[in-house]
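Engineer: what follows is a predicted structure for the sequence shown.
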Amino acid sequence: MHYDTLIIGAGLSGLAAGIRCAYFDQRVCVLERHTTIGGLNSFYRLRGRNHDVGLHAVTNYASPGSKTGPLSKLLRQLRIRWDEFALCEQIGSSVVFPGVTLKFTNDFEYLREQVHSRFPLEKDRFERFHSHLLTFNELDLNQQAVSAREIVGSFLRDPLLIDMLFCPLMFYGSARPEDMDWNQFVVMYKSIFLEGFARPNRGVRPIMKALVRKYKDVGGELKLRSGVRRILVHQGRAAGVELEDGRQLTANRVLSSAGIVETLKLCANNREQGTIEANSLPAAGDVTFNEVIDILDISPQQLGHDQTIIFFSSSERFQYRKPQEPCDLQSGIICSPNNYRYTEPLEEGCIRLTALANHDFWLNLPEREYTAAKAEWADKIRETALELIPDYRAHILDTDTFTPHTIRRFTGHENGCVYGAPEKSLDGRTPIKELYICGTDQGFLGIVGAMLSGITMANNHCLNP
């Protein structure tokens, strides 16, 4: 079977790319190794309840009918209506460090006022920094990686303010320990602080189902249970794929959302053309997380907790790196999916807790010890969060926990790293001709960013080859 474009991975970026290709009458097929769609932003059902895998919030929020911004752009490109995503705005979030809290909503002026009042000596420098950031074109795919720490530090002097700005941006999008590429910092700063958070009432399902429905309506082909064993390379060019069941599919080009390291591994020591050697692969990521999902018999607001998301550090100096312990209890995320401005409240309460994790510990833990370790560290993560929110433990109905082991199992990401490799391929190119990257390792971040990555890479490489 021959296709114009084969796409590896039925996540947000892969499906968005498929829609763009199909709109232009390409024969396109999206391949997914699992039985369901979604990838890093999938959903599942456990003990009679629906859960989201990765969704805390949709960033880059824009109100219905907006003509500018990433969200309105992707809806136009995919020809999807605003109401199909059914986004509801956050109530309000915060960054909490010892002695200082910065609150923010979807109105940047509120955060600006918070920075001015908490850090009066940094007021003018913050304004110069903010103005400089707005002049940067983060969509320039030809730029070189530059340290965000260096640039931010050239404007701001207070290390506490610097760390408080970095904390939510890193937690929601950095594959690099202790730093971010400047372009990714700008992407996340705009998407979180300038545009803000929203969430569909029913989680990520409406978004994923809208994408699949549109993809099939425009003639795209979706193959589930179709994992890729290797990418076929002939004379230095991607020529198709071999599936795990031995079938071969040929194509003019291959677009992969599997990650740069994972994709090139599919080309390594290729029998037809040994272009990529296993020892020449880029470095895999090292930053990953544990997450605890607690389902409650009460809304968090009934306990007095109305914050949407809290990013916190118990130390004035924020550390974002692989911890030596199984999980880092000095920082984390507290997400309350109930705390959005829904037209109808969620049926049950929910608290999601996220902590940096040591992937070596979780990936090498003997199976007989794994379940007990998950429960032990869930308790520790929960106790840390209870320093900032009311004690809800008496109201827990059900709990699920995922670790780097879970992430690697269901996404195939090296080391179970959510944000992939530290070095991104902004233009989507790889050493193999007609093999391109979209999604996490291309570099556009978040729910909206993932879809824009698929759209942009399809536009640049599949529609204008």
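Structural biologist: That came in fine, so what should we check first?

Engineer: next secondary structure after the helix or strand bottoming out on mean pLDDT in the chain?
Structural biologist: Ranked by mean pLDDT, DSSP states H and E, the weakest helix or strand in the chain is strand 43-46, scoring a mean of 66. Next helix or strand after strand 43-46 toward the C-terminus (DSSP states H and E): strand 49-52.

Engineer: just checking, what packs against that next one?
Structural biologist: Judged by 3 or more C-beta pairs under 8 Å, 6 or more residues apart in numbering; DSSP states H and E, strand 49-52 is in contact with strand 43-46. To be clear about C-beta, it is placed using only N, CA and C from the backbone, and glycine gets the same treatment.

Engineer: any regions of this protein where pLDDT drops low?
Structural biologist: 40, 42, 44-46, 51, 269-279, 465 (pLDDT under 70).

Engineer: show me how it divides into domains.
Structural biologist: What automatic domain parsing lists as the domains of the chain is 2-86+203-283+419-462, 91-195, 286-411.

Engineer: so can I have a markdown table of those showing mean neighbour count?
Structural biologist: Below are these laid out as a markdown table (neighbours: other C-beta atoms under 10 Å):
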| stretch | mean neighbour count |
| --- | --- |
| domain 2-86+203-283+419-462 | 21 |
| domain 91-195 | 18 |
| domain 286-411 | 18 |
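
Engineer: show me where this structure has its helices.
Structural biologist: Under the criterion DSSP state H, the chain carries helices at the ranges 12-23, 70-78, 82-85, 108-118, 123-135, 148-155, 159-171, 182-189, 205-217, 260-265, 359-364, 367-385, 404-411, 446-457.

Engineer: for His234, find the nearest of those helices.
Structural biologist: Between His234 and these, the shortest gap by C-beta to C-beta is with helix 260-265, which sits at 16.4 Å.

Engineer: residues touching the closest one, excluding its own?
Structural biologist: 8, 231, 256, 276, 278, 281-284, 412-414, 420-421, 423-425, 430-432, 435, 437, 441 (C-beta atoms under 8 Å, 6 or more residues apart in numbering).

Engineer: now swap in stretch 50-58 and tell me
Structural biologist: So stretch 50-58 is in contact with 38, 40-45, 85, 87, 90, 172, 197-200, 202-205, 207, 293, 308-309, 333, 335, 337, 352, 354, 400, 402, 410, 418, 446-448, going by C-beta under 8 Å, 6+ apart.

Engineer: now stretch 66-82, how far from the centre of its chain.
Structural biologist: 19 Å (C-alpha atoms, centre = their mean, to the nearest Å).

Engineer: residues in contact with the closest residue to Asp245 other than its chain neighbours?
Structural biologist: The spatially closest residue to Asp245, leaving aside those adjacent along the chain, is Ser226, at 7.9 Å (C-beta to C-beta, 6 or more residues apart in numbering). By C-beta under 8 Å, 6+ apart, Ser226 lies in contact with 31-33, 243-245.

Engineer: and the residues you listed, which two are furthest apart?
Structural biologist: For those, and using C-beta to C-beta, no pair is farther apart than Glu32 and Asp245, which are 13.7 Å apart.

Engineer: distance of Glu89 relative to Ala57?
Structural biologist: 10 Å (C-beta to C-beta, to the nearest Å).

Engineer: what touches both of those two?
Structural biologist: Joint contacts of Glu89 and Ala57 (C-beta under 8 Å, 6+ apart) are 197-198.

Engineer: measure the residue lying closest to Leu31 once chain neighbours are set aside to Ala22 for me?
Structural biologist: Spatial nearest neighbour of Leu31, chain neighbours left out: Ser226 (4.6 Å); criterion: C-beta to C-beta, 6+ apart. Per C-beta to C-beta, Ser226 is found 18 Å from Ala22.

Engineer: could you do His132 as well?
Structural biologist: With C-beta to C-beta as the criterion, His132 and Ala22 are 40 Å apart.

Engineer: thinking again about what came up before, using TSV, lay out the contacts of Ser226 together with distance to Ala251.
Structural biologist: Below are the contacts of Ser226 laid out as TSV (distance: C-beta to C-beta, whole Å):
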residue	distance to Ala251
Leu31	10
Glu32	16
Arg33	17
Leu243	13
Glu244	17
Asp245	18
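
Engineer: ok, of these, which one's closest to Glu348?
Structural biologist: Of those, the one sitting nearest to Glu348 (C-beta to C-beta) turns out to be Glu32, at 29.4 Å.
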